[in-house]
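1. fold the following for me, if possible:
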Amino acid sequence: MQLQDYARVLLKRGWIIVLLALLAAASAYGFSKLQTPIYKSTVTLSAVPARPSDYGQSLAIKNLLRNYVQQMQSPAITQPVIDKLQLDVSSDKFVSQLNFGADESTLLITIEARHPLTTTVARMAQTLAETFVSAHNQENLQIDQRDRILINILRNATAPDIFSPKTLINTLAGAVLGALLGLIVIFVLEWLDSDIVRTVEDVERVIGVTVLGSIPTIAAEGASTRPRPTRASKICPHCGNPI
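-> Residues are numbered from 1 along each chain as shown. Okay, here's the model as predicted:
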């Protein structure tokens, strides 16, 4: 197909693309609005050696970061948090509402809490961080001060922010997918219609010769008449008459 053929197809059936894009976008928007909003809040912890110039101690912290994350998920840490916040959930359920990150390059640990209530989500992250820091400080009391690893809350819980659903993103994605589906539909329709001959141009394209004329159809009174392509003829190159 040439560029003008694509333009003709889009002008003829472009409404299908628009319709499917609108339907998909509306469906994605409605689905997003039906979902229960989930909010998130993040706390950042910093782990530093008691002797900053001690490379061996810094290396030890990198190896311990993931261990600290595992400790935060243990019932010994999570259950006191659940009891303090008076949450009616198990320790496993509580942990499933958390997401942890350990960055060995910056020696930072992030705790991201996710919950449907904005009044609860920030308290979850903040209380868990405070409980872990307190427990870690108790362990440090049994270690020589020079060998201690200090963990502090670098940034308190952030203000609750929407985690899901992303209504705008979902709506835009639905519109794009609907438009792509519309493109597929119209080109399938054009492929199905490609073998149907309707115009003089279609005849010339199929049989590869020039159409010299057409015999008009005889229609009933009041009905519109439409020319019908005649049998195509070849032109004699010597006399110019049809063969």
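
2. please enumerate the strands of this protein.
-> With DSSP state E as the criterion, the chain has strands at 38-49, 98-103, 108-115, 149-155, 161-164, 214-216, 227-229.

3. only the buried residues of the fifth one, if you could.
-> For strand 161-164, burial by neighbour count (16 or more other Cβ atoms under 10 Å) applies to Phe163. Just so you know, the C-beta spots here come from the backbone N, C-alpha and C atoms, and that holds for glycine as well.

4. can you list the strands that it pairs with?
-> strand 38-49 (antiparallel) (DSSP bridges).

5. the partner strand - what's its average pLDDT?
-> Confidence over strand 38-49 (mean pLDDT, whole number) is 93.

6. in the protein, which helix is the longest?
-> helix 3-34 (DSSP state H).

7. what's the domain layout of this structure?
-> 3-34+167-193, 38-164, 197-243 (automatic domain parsing).

8. which stretch in these has the least confidence?
-> domain 197-243 (a mean of 57).

9. just checking, what packs against the longest helix of the chain?
-> Identification of packing neighbours for helix 3-34 by 3 or more Cβ pairs under 8 Å, 6 or more residues apart in numbering; DSSP states H and E yields helix 167-193.

10. would you mind writing the CA trace of stretch 76-86 as PDB?
-> Provided in PDB are the C-alpha atoms of stretch 76-86 (Å, rounded to 0.1, in the frame of the first residue of the first chain):
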ATOM      1  CA  ALA A  76      10.600 -10.000  67.500                       C
ATOM      2  CA  ILE A  77      10.500  -6.600  65.900                       C
ATOM      3  CA  THR A  78       7.200  -6.500  64.100                       C
ATOM      4  CA  GLN A  79       5.000  -7.800  66.900                       C
ATOM      5  CA  PRO A  80       5.800  -5.000  69.300                       C
ATOM      6  CA  VAL A  81       5.000  -2.600  66.500                       C
ATOM      7  CA  ILE A  82       1.700  -4.300  65.800                       C
ATOM      8  CA  ASP A  83       0.800  -4.200  69.500                       C
ATOM      9  CA  LYS A  84       1.800  -0.500  69.800                       C
ATOM     10  CA  LEU A  85      -0.300   0.500  66.800                       C
ATOM     11  CA  GLN A  86      -3.200  -1.800  67.800                       C
END
